[in-house]
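Participant: Predicted model and sequence follow; I will ask about them next.
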Amino acid sequence: MAESTRPPVDHVVDAPLTSPAATQGLLEVFRHRYLLKLLVRREISARYSGSFLGLIWSYINPLSQFLIYVFIFVLLLERDRTENFAIHIFTALIVVHFFTETFNAGTRSIVRNKALIRKMSLPKEMFPVASMLVSLYHVAPQLVILVIACVPYGWTPDVLGMLAFLLALGIIMLLGTALALLFSVANVYFRDFASAVGILTNFVRFSVPMIYPFTLVEERFKGFSEYYLYNPLAEAVLLVQRAFWVGTTSDPAATAATELPDHLFTRGLVMLAISALALVVAQLVFRSLEDKIPERLN
Amino acid sequence: MSYPSSTSIVVENATKAFTLRYHRTFKEVSVAKMRGQQISDTFKALDDVSFTVEQGESIGLMGLNGSGKSTLLKLVNGIMKPDSGKVLTRGRIAGLIATGAGFHPQLTGRENVYLNAAVFGMGERETNRKLDEIIDFANIGKHLDSPVGNYSSGMYARLGFAVAINVDCDIFLADEALAVGDKPFKRKCLEKMEEVRNSGTTVFYVSHAAGSVRRMCDRVLVLEEGRLGFDGDVDAGIKYVKYDSDDEDKDDDELGADI
């Protein structure tokens, strides 16, 4: 009876006949920029919704950390080996935070969004990428605090320094996304990975020149300090210290020469390339495992 | 194999198996191994299913619980890929499948509408254009600007429906979705679905309700333990699944008392 009442309408679809499953990985994420933007905004506004201070919390948190380190390492332990040690610490802290947040939240991202993934066909890479962008967003308030702390020491921005900072951000963005991709899919198969990542990120802040200067590593490890620099996070921290901490010391040129390793920028670019490569590998692994994600999410 | 430009959905020898895992933790697995028990098993949710759907057809997918209806819908939607065979679709897919997907309890109804619409592939401008229609359909009044976490389950469902049903799509999927909502709302949904169907959109409707299938569809597919048991005329299909003999279908004839 339905047929008889039905007017013959020609609904013309000029789209090609294709597989309905999204397959282009990260490229597909860029085609869904608008959804990505909304997901990032959802994450950010949901985190502070219902709180009176709202976004101010994203300033309070890094500020409190900064003050704790100042208290312990500058006032209590009186580490005067390094000039402006508090800033030295805080520059590293920004990198460490950005990375661990990306890694931790990214690893959990797919499991956390299972309601969405089990109902709609979306590029699943979207969720780790969104986690990275949320973490990147929180770099901004920390940067504001850092700049405010740097200016009294006579710090002024220089082109090379800003390039160093961008290079460091690039390294962490690529590497963090790569690890988030890998571990987010692993976490679907075994939830153990989220716990393991939590422990892994505990080591991060000690593997970079944060509460100790790089010169100490050179002094104690001699030739082996080269291997220490193979850590992309250590490299990123040194780049950010080049951008901010160096400019606050009494003789920036001398500080850059003595406190930082040689070929800082060349190393940075190599690390950027390695991180990009890691992202490609992570994408390939992710693609080979993602088909089973919807049925393993329960 | 090539298909004419009027083909909307192609399912070709699609098979999908799931792995049943009896034990998951290290302890359970090792104990089971020692006892010589099976750790996992597979079962075929879909077994060599093939059919094509032309644009504008409205298909009723029927079958008992566990016959593979939802799995088939997930393949057509692209959430899952078949283990072998292939599934092809043309154009944008939406429908009463992801109602409320991605709703965040702490965000307002309005914010969630934008997010949910984006999940269906709608851009900002398209959502703006459709917003009045969506708000009108959901009919939740001033609650639109309060967090959806405070909504009653009916309001939550209605908002989800309102977004899903107002997406301009080429293939409309509906999975036993009309179980929520009060009677007037159900009626409104069914009317809207008929409107969607009459506009020439391909409809893929999963239901146990003979009445609403009869009203909505012009072709019925019946799945039996993952195999396509029947493909053809509506009345014959309903007879095939033996749902025509149900006497308690008074309500169903009107709306589809989906379980």
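Facilitator: Everything's here; your move. Numbers count the residues shown, from 1 in each chain, chains lettered A, B, ... in the order given.
Participant: Residues of the stretch 151-298 of chain A that sit close to chain B?
Facilitator: Residues of the stretch 151-298 of chain A lying close to chain B (CB under 8 Å from any CB of the partner chain) are A:291, A:294-295. (C-beta placed from N, C-alpha, C; glycine too.)
Participant: Stretch A:29-41: which residues count as buried?
Facilitator: Neighbour-count burial for stretch A:29-41, counted by 16 or more other CB atoms under 10 Å in any protein chain shown, picks out A:29, A:32, A:34-36, A:38-41.
Participant: Now, of the residues of the stretch 151-298 of chain A next to chain B, which are buried?
Facilitator: A:294-295.
Participant: Can you flag which of the residues of the stretch 151-298 of chain A next to chain B belong to helices?
Facilitator: Counting by DSSP state H, these place A:294-295 in helices.
Participant: which regions of the stretch 151-298 of chain A lie under the pLDDT threshold?
Facilitator: Applying pLDDT under 70 to the stretch 151-298 of chain A flags no residue at all.
Participant: Tell me what the residue nearest the centre of chain B is bridged to.
Facilitator: Nearest residue to the geometric centre of chain B (CA atoms, centre = their mean): B:Asp175, 3.0 Å. The partner list for B:Asp175 in beta bridges (DSSP bridges) reads B:Val206.
Participant: Spit out the contact partners of it.
Facilitator: Residues near B:Asp175 by CB atoms under 8 Å, 6 or more residues apart in numbering or on different chains: B:69-70, B:73, B:95-97, B:206.
Participant: and of those residues, the nearest to chain A?
Facilitator: Taking CB to the nearest CB as the measure, chain A lies nearest B:Ile97 of the contacts of B:Asp175, at 6.1 Å.
Participant: The nearest residue to that closest one once chain neighbours are set aside: neighbour count?
Facilitator: Nearest non-adjacent residue to B:Ile97, counting by CB to CB, 6 or more residues apart in numbering or on different chains: B:Leu173, 5.0 Å away. When neighbours are defined as other CB atoms under 10 Å in any protein chain shown, B:Leu173 has 25 of them.
Participant: Report the contact partners of B:Leu173.
Facilitator: Contacts of B:Leu173 by CB under 8 Å, 6+ apart are B:73, B:76-77, B:93-97, B:204-206.
Participant: on that earlier part again, quick check: helices, which of the contacts of B:Asp175 are part of them?
Facilitator: Of the contacts of B:Asp175, the ones assigned to helices by DSSP H are B:69-70, B:73.
Participant: ok, and the most crowded of those?
Facilitator: When neighbours are taken as other CB under 10 Å, the top entry among these is B:Lys69 (23 neighbours).
Participant: Per-residue confidence, that one, what does it come out as?
Facilitator: On the pLDDT scale, B:Lys69 is placed at 89.
Participant: from what I can see it touches B:Val206, true?
Facilitator: Yes: with contacts counted by CB atoms under 8 Å, B:Lys69 reaches B:Val206, the gap being 4.9 Å.
Participant: Name the residues contacting each of the two.
Facilitator: Both B:Lys69 and B:Val206 are contacted by B:61-62, B:175, under the criterion CB under 8 Å, 6+ apart.
Participant: Pick out the lowest-pLDDT one from those.
Facilitator: B:Asp175 (79).
Participant: got a list of what the residue nearest to A:Leu182 when sequence neighbours are not counted touches?
Facilitator: Take A:Leu182 and drop its neighbours on the chain: the residue closest to it by CB to CB, 6+ apart is A:Ala282, 4.7 Å away. Counting by CB under 8 Å, 6+ apart, A:Ala282 touches A:177-179, A:181-182.
Participant: Of all the residues in the helix or strand harbouring A:Ala282, which ones are buried?
Facilitator: For A:Ala282, the host element (DSSP states H and E) is helix A:264-290. Under the neighbour-count criterion of 16+ other CB under 10 Å, helix A:264-290 has A:264, A:267-268, A:271-272, A:274-275, A:278-279, A:282-283, A:286-287, A:290 buried.
Participant: out of the residues you listed, who's nearest A:Ala21?
Facilitator: Lowest distance from A:Ala21 to the buried residues of helix A:264-290 (CB to CB) belongs to A:Glu290, with 9.5 Å.
Participant: pretty sure the closest one contacts A:Lys124?
Facilitator: Yes: in this structure, A:Glu290 is within contact of A:Lys124 by CB under 8 Å, at 5.5 Å.
Participant: Now the common contact residues for the two.
Facilitator: A:Val185.
Participant: So stretch A:54-65, near chain B or not?
Facilitator: No: using CB under 8 Å from any CB, stretch A:54-65 stays clear of chain B, with a minimum separation of 12.3 Å.
Participant: What are the contacting residues of that stretch?
Facilitator: Stretch A:54-65 is contacted from outside by A:48, A:51, A:53, A:93-94, A:97, A:138, A:141-142, A:144-145, using CB under 8 Å, 6+ apart.
Participant: do the same with stretch A:96-107
Facilitator: Applying CB under 8 Å, 6+ apart, the external contacts of stretch A:96-107 come out as A:62, A:127-128, A:131-132, A:134-136, A:138-139, A:142, A:169, A:172-173, A:175-177, A:179-181, A:183-184, A:186-187, A:193-194, A:197-198, A:200-201, A:204-205, A:208, A:210, A:233, A:236-237.
Participant: Not counting sequence-adjacent ones, nearest residue to A:Ala186?
Facilitator: A:Phe193 (4.5 Å).
Participant: can you tell me the helix or strand for that neighbour?
Facilitator: For A:Phe193, the element it lies in under DSSP H and E is helix A:192-204.
Participant: what helices or strands is that helix leaning on?
Facilitator: For helix A:192-204, the packing partners by 3 or more CB pairs under 8 Å, 6 or more residues apart in numbering or on different chains; DSSP states H and E come out as helix A:85-112, helix A:159-189.
Participant: out of the ones you listed, nearest to B:Pro184?
Facilitator: helix A:85-112 (35.8 Å).
Participant: could you point out which element follows the closest one?
Facilitator: helix A:114-117.
Participant: Report the buried residues of that following helix.
Facilitator: In helix A:114-117, counting by 16+ other CB under 10 Å, buried: A:114, A:116-117.
Participant: With stretch A:13-29 instead?
Facilitator: For stretch A:13-29, using 16+ other CB under 10 Å, the buried residues are A:13, A:17, A:20-22, A:25-26, A:29.
Participant: Quick check: end-to-end length of it?
Facilitator: Counting by CA to CA, to the nearest Å, you get 24 Å between the two ends of stretch A:13-29.
Participant: what's that stretch in contact with?
Facilitator: Contacts with stretch A:13-29, where a contact means CB under 8 Å, 6+ apart, come from A:31, A:36, A:121-126, A:129, A:279, A:283, A:286-287, B:3, B:7-8, B:10, B:55, B:76-81, B:86-93, B:170.
Participant: Mind checking which of those residues are buried?
Facilitator: A:36, A:121-126, A:129, A:279, A:283, A:286-287, B:7-8, B:10, B:55, B:76-81, B:87-93, B:170.
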